[in-house]
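>>> Here is my input; please provide its structure:
(one chain, ligands or ions: 1)
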Amino acid sequence: MKKILIAYFSHEGENLIDDELVPLSKGNTMLAAEELANSLREKGGNPSLFRIEEMIPYPYDYNGTLARSRQEKEDGALPLINGGPNGFDLYDVVFLGYPNWWGTIPAPIHSFIRDHNFKGKIVIPFVTHGGQDFLYSLDEIKSVLKDVEVIKGFSCSASYINMAKHVIEDFLKDNLDLLN
Ligand SMILES: Cc1cc2nc3c(=O)[nH]c(=O)nc-3n(C[C@H](O)[C@H](O)[C@H](O)COP(=O)(O)O)c2cc1C
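Numbering: from 1, shown residues only. Below you'll find the predicted structure:
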């Protein structure tokens, strides 16, 4: 299998699931990223996981995170993040995972894209969401990663995050040739 990186951003803490505020000890996108890594390993791959983290953490509470992220979106802000994995240049395929925030990619994903050179790589975005799937996020990624091959990955609804394994297996079944 090609050399694969799974880079993801995920907000830990309070989240709104089916109209209820619930504390999540592990974010949905982190769960999906780990499931993806397990599935790839079961198929003979050896993916690396990298968690993209903002240097000034988003608030624990849902509403605080909504407020800050809305402001960042309005300002086109690029928050400082924790860099990237060693040897980024050596990866052939980058799975890029994120929650749908305001219909698109969270600001730390913008920061990660800005900080790395994706030329020659295959980029496979995957999303977790509250009902809106990828919405504008794929177009946003394609517009900032011009001349890079971007292939639509899988999406998992926050309400059915326990189905992530099935969604991922379905995606891999149809796209394994991309990874070999
Ligand atoms: C700041 C913020 C904005 C969000 N905006 C949307 C949205 O526009 N559309 C949507 O379907 N879900 C939205 N959601 C829901 C998240 O995409 C969903 O809960 C996701 O699974 C969270 O992933 P995480 O736990 O990895 O952070 C939003 C959540 C937050 C915290």
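
>>> A helix includes Leu5, no?
No: the assignment for Leu5 by DSSP: H, G, I helix; E, B strand; the rest coil gives strand, which leaves it out of any helix.

>>> Not counting sequence-adjacent ones, nearest residue to it?
Tyr91 (4.2 Å; Cβ to Cβ, 6 or more residues apart in numbering). Every C-beta, even on glycine, is put in place using the N, C-alpha and C of the backbone.

>>> got the contact list for stretch 113-122?
For stretch 113-122, contacts defined as Cβ atoms under 8 Å, 6 or more residues apart in numbering pick out 78, 81, 83-84, 88-89, 91-94, 141, 144-145, 147-149, 151, 178.

>>> again, 6 Å this time
By Cβ atoms under 6 Å, 6 or more residues apart in numbering, the residues outside stretch 113-122 that reach it are 84, 88, 93-94, 144-145, 148-149.

>>> burial measure for Leu80, as a count.
Neighbours of Leu80 under the rule other Cβ atoms under 10 Å: 12.

>>> wait, it sits on Ile56?
No: the criterion here is Cβ atoms under 6 Å, and Leu80 misses it with Ile56 at 7.4 Å.

>>> Around Asn175, count how many other residues there are.
Neighbour count of Asn175, defined by other Cβ under 10 Å: 14.

>>> Leaving out chain neighbours, which residue sits closest to it?
Ile151 (7.3 Å).

>>> pLDDT value on that neighbour, please?
Ile151 carries a pLDDT value of 97.

>>> Pull up the residues of this structure that are close to the ligand.
10-11, 15, 24, 27-30, 62, 65-66, 69, 99-103, 128-132, 158 (Cβ under 6 Å from any ligand atom).

>>> Among those residues, which lie within strands?
Residues of the residues of the chain next to the ligand located in strands (DSSP state E): 15, 24, 99, 128-129.

>>> now, the most widely separated pair of those residues?
Maximum pairwise distance in those, criterion Cβ to Cβ, is 14.5 Å, between Leu24 and His129.

>>> if we can go back for a sec, are any of the residues of the chain next to the ligand buried, and which?
For those, a burial check counting by 16 or more other Cβ atoms under 10 Å picks out 10-11, 15, 24, 27-30, 62, 65, 69, 99-102, 128-130, 158.
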